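Asker: just need the structure, nothing else, for what follows:
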Amino acid sequence: MNKNTIIGSILMAVIVIWWMTMNSANAEAQAKAKAEAQAKAAAAQVESAQNGASELVLPATVPEEKAPPVLGAVQDDSAKASDAVASDSATAAADSAAPVVPAVAPRTVTVETDKFIMTLSNKGGKVQSVIVKALKDTAGNYPELIQDTALGALDLKLGAADLTDALFAVDAPEWIVVDSDTSVQFTFTDANGNKVIRSYGFTKDGAAVRQVNRFVGFKPAAYELSWKGGMRETEAIPKGKSLGGASYFFSEVIYRDNEMTERETFSDAMTFDDANYYWVGMRRKYVAMSVQFDKPVPAKVNAKHVEVPTEANTDPGTYRLTIADETRGADSVAYSFMVLPLQWDEVESLGQGYEKVIVTGSKWFPGSSVWFVWICKWLLKLLKFFYGLIPNYGVAIILITFVVRGLTTPFMVKQIKSTRGMASLKPQLDEINVKYRTDPQKKQAAIMELYAKNGVNPLSSCTGGCLPMLIQMPIFMGLFFVLGRAMELRGMPAFLWISDLSRSDVVWSGFSIPFIMPSGLAILPWIMVATTYFQTKVTMSSSAGMDPAQQKMMVWMMPAMMFLFSAVMPSGLVLYWIVGNIWSIIQYKVIHKKMDAPATVSDKLKGKDVKDAEIVRKK
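Answerer: This next block holds a predicted model:
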């Protein structure tokens, strides 16, 4: 071996030894630094626990610091020993600072009551799924109420600690059938030993799930509930857009504040007014869910609209809801999570104004939130009464039509008599109009004297004609809302082809009229057009003094308007209007047959129009 080779070998050996020494020193320094950091964290946890924390400490994943990789390098035993000693010392410090929290695996607990089936997830200790039993479809399936079950409802945030993804320990069977009062408890324990205990209380046949959140070892200043999964429509939404068809399907944020039940629909986001809220929730056509507080709370309520992708994009969408409030020093937050199929008697019995989720008044009509809701309530009661006598809601609607028209018939008869009486006085009225054409005061006095002598009240033509309509319109609107919203009529058949009084009577889905009958061909709207045409023609023929051109326009305009409305109406409402039209036609025919008298013309005017007649002057 020559001199240069020996020198090169020595230099290589020195470099290798130096590199290994430096690598070992770096590893020892990193291990020492890691041990010091872990010890400091453990000390901070001990100090926090001793001082009493006001916030939870959620588990956080800290990436392990590693030395840069060295190709071909081998870590010596001294570095491994140093790492082991540092790790053991840090572990011992952490063990002395806080209790060991066992690992929790994700799982769910499903609870079945007489009213619903609810699935709870230990990820966040939240509601994952709600399946309501009162809305079984024609295939016998129960609908899911949560739009996005991966997001669910009732996520909890305490101060800065968001428990949405925290895994709670739970000791309960996977499936529970409730025969008596039952509770399911979820527990989250942080690194300091602080606990959040979320318990859900169930009854056998109640609509409420009692949800209590207890805080052990700390007191948060505020909380926030998040309902991120939205609410799903339980009914099959007709495909295609129609004129007014969307008004029969609802997606609303509902709440009761300051004694008022409110319903809100919007397409973006909304922050609600500061108020004392009794309950806050969402509703679809036949069902609602809400967070109901034990007493009114000044919560902050926010909602954001979420589009629901569908084949025809006819679903109005859903909302993500947050409710935030202060704890005010309390060691727990409690409320009831309500699952409410919108059956009037049941929701009204709760005494929380939930019946006004079905029907509310209008801001344009003072007090309508009281009197109109009362009308709708008693219309539904009357329907159910007739249904109890004859178990067919179609027959019940026909009987209600007879009752309403029977009540308005005396006013209508009075109006017709007055109209016919005024028509018989037309010759004398024409003479008076000509005789006192230049003296309005004498003309008015002469006309009133003529009315008095013949027992005709000109106001009765107005009261007789307007009053029946004033009586019928609230009832018609009441039936409009009741038949379209009350769950009692869902899926109820009438007779023949009418299989569901709460929906249009589509008999052939292969034929449709865009924007008018998008779901298919319905029969009742065409019958509505025919009866409205004849009813309008009969009514207009008895209207004295109406211009013939106006009469002709009304005869065609009314059926066209009613066709556009009735094509998407619930078939029960169209049935009510058809029967009412037939009643009016028969009523006019019978009354006019008894009162018919040929029209007369003034002998003095000899057939001349009043506007062309000469003025009669006094001599």
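Asker: could you tell me which residues make contact with the residue nearest the centre of the chain?
Answerer: For the chain, the residue sitting closest to the mean C-alpha position, by Cα atoms, centre = their mean, is R283 at 2.5 Å. By Cβ atoms under 8 Å, 6 or more residues apart in numbering, the residues touching R283 are M231, F250, S251, E252, I254, R263, M289, L342, V357. The C-beta positions use only the backbone N, C-alpha and C, and glycine is treated the same way.
Asker: now M473
Answerer: Residues near M473 by Cβ under 8 Å, 6+ apart: none.
Asker: go on, G367?
Answerer: G361.
Asker: how about the one 10 residues further on?
Answerer: By Cβ under 8 Å, 6+ apart, K377 lies in contact with W344, E348, E355.
Asker: over to D137?
Answerer: P143.
Asker: cool, E224 as well?
Answerer: If you count contacts by Cβ under 8 Å, 6+ apart, E224 has them with L156, K157, T322, I323, A324.
Asker: before we move on, back to that, just the contacts of R283: which are in strands?
Answerer: Under the assignment DSSP state E, those contribute E252, I254, R263, M289 to strands.
Asker: number of nearby residues for the first one?
Answerer: The local packing of E252 (other Cβ atoms under 10 Å) involves 21 other residues.
Asker: just checking, it touches E264?
Answerer: Yes - in this structure, E252 is within contact of E264 by Cβ atoms under 8 Å, at 6.1 Å.
Asker: let's test this: mean pLDDT of stretch 372-383, rounded?
Answerer: For stretch 372-383, the mean pLDDT works out to 90.
Asker: also stretch 166-184?
Answerer: pLDDT averaged over stretch 166-184 gives 95.
Asker: distance from that stretch to the middle of the chain?
Answerer: Distance of stretch 166-184 from the chain centroid (Cα atoms, centre = their mean, to the nearest Å) equals 29 Å.
Asker: end to end, how far does that stretch reach?
Answerer: Start-to-end span of stretch 166-184 (Cα to Cα, to the nearest Å) is 17 Å.
Asker: what does stretch 141-156 give?
Answerer: End-to-end distance for stretch 141-156, by Cα to Cα: 31 Å.
Asker: picking up where we left off before, helices - which of the contacts of K377 land there?
Answerer: W344, E348, E355 (DSSP state H).
Asker: ok, how many other residues are close to the first one?
Answerer: It refers to W344. Neighbourhood size, W344 [other Cβ under 10 Å]: 21.
Asker: per-residue pLDDT of it, please?
Answerer: For W344, the model assigns a pLDDT of 92.
Asker: give me the distance between it and L382.
Answerer: Remark: distance between W344 and L382 (Cβ to Cβ, to the nearest Å) = 12 Å.
Asker: can you check the last one too?
Answerer: E355 sits 16 Å away from L382, going by Cβ to Cβ.
Asker: if you count surrounding residues, which of those two has more?
Answerer: Between E355 and L382, E355 has the larger neighbour count (other Cβ under 10 Å), namely 24 against 15.
Asker: that one contacts V370, correct?
Answerer: No - with contact defined as Cβ under 8 Å, E355 does not reach V370; the gap is 11.9 Å.
Asker: can you name the next helix or strand after the helix or strand encompassing P559?
Answerer: If you go by DSSP states H and E, P559 is part of helix 548-566. Sequence order places helix 571-595 as the next helix or strand after helix 548-566, per DSSP H and E.
Asker: could you name the helices and strands sitting against that next one?
Answerer: Here helix 571-595 touches helix 393-424, helix 460-485, helix 524-541, helix 548-566, going by 3 or more Cβ pairs under 8 Å, 6 or more residues apart in numbering; DSSP states H and E.
Asker: helices or strands up against the longest one?
Answerer: Translated: helix 393-424. helix 368-389, helix 460-485, helix 571-595.
Asker: least reliable of the ones you listed by average pLDDT, please.
Answerer: helix 460-485 has the lowest average pLDDT among the helices and strands packed on helix 393-424, namely a mean of 68.
Asker: where exactly do the helices run in the protein?
Answerer: Taking DSSP H, the helices of the chain run over residues 3-51, 77-97, 344-348, 355-358, 368-389, 393-424, 426-435, 440-454, 460-485, 524-541, 548-566, 571-595.
Asker: quick check: buried residues in the last one?
Answerer: Along helix 571-595, these residues count as buried under the neighbour rule (16 or more other Cβ atoms under 10 Å): 571-585, 587-588, 591, 595.
Asker: just the buried ones out of the contacts of E224, please.
Answerer: Burial by neighbour count, judged by 16+ other Cβ under 10 Å, picks out L156, K157, T322, I323 from the contacts of E224.
Asker: show only the entries of these found in strands.
Answerer: L156, K157, T322, I323.
Asker: rebuild the residues you listed as TSV, extending it with distance to A150.
Answerer: Output for those, formatted as TSV (distance: Cβ to Cβ, whole Å):
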residue	distance to A150
L156	17
K157	18
T322	18
I323	21
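Asker: how many neighbours does the nearest residue in space to V404 that is not next to it in sequence have?
Answerer: Nearest residue to V404, sequence neighbours excluded (Cβ to Cβ, 6 or more residues apart in numbering): I475, at 5.4 Å. When neighbours are counted by other Cβ under 10 Å, I475 registers 20.
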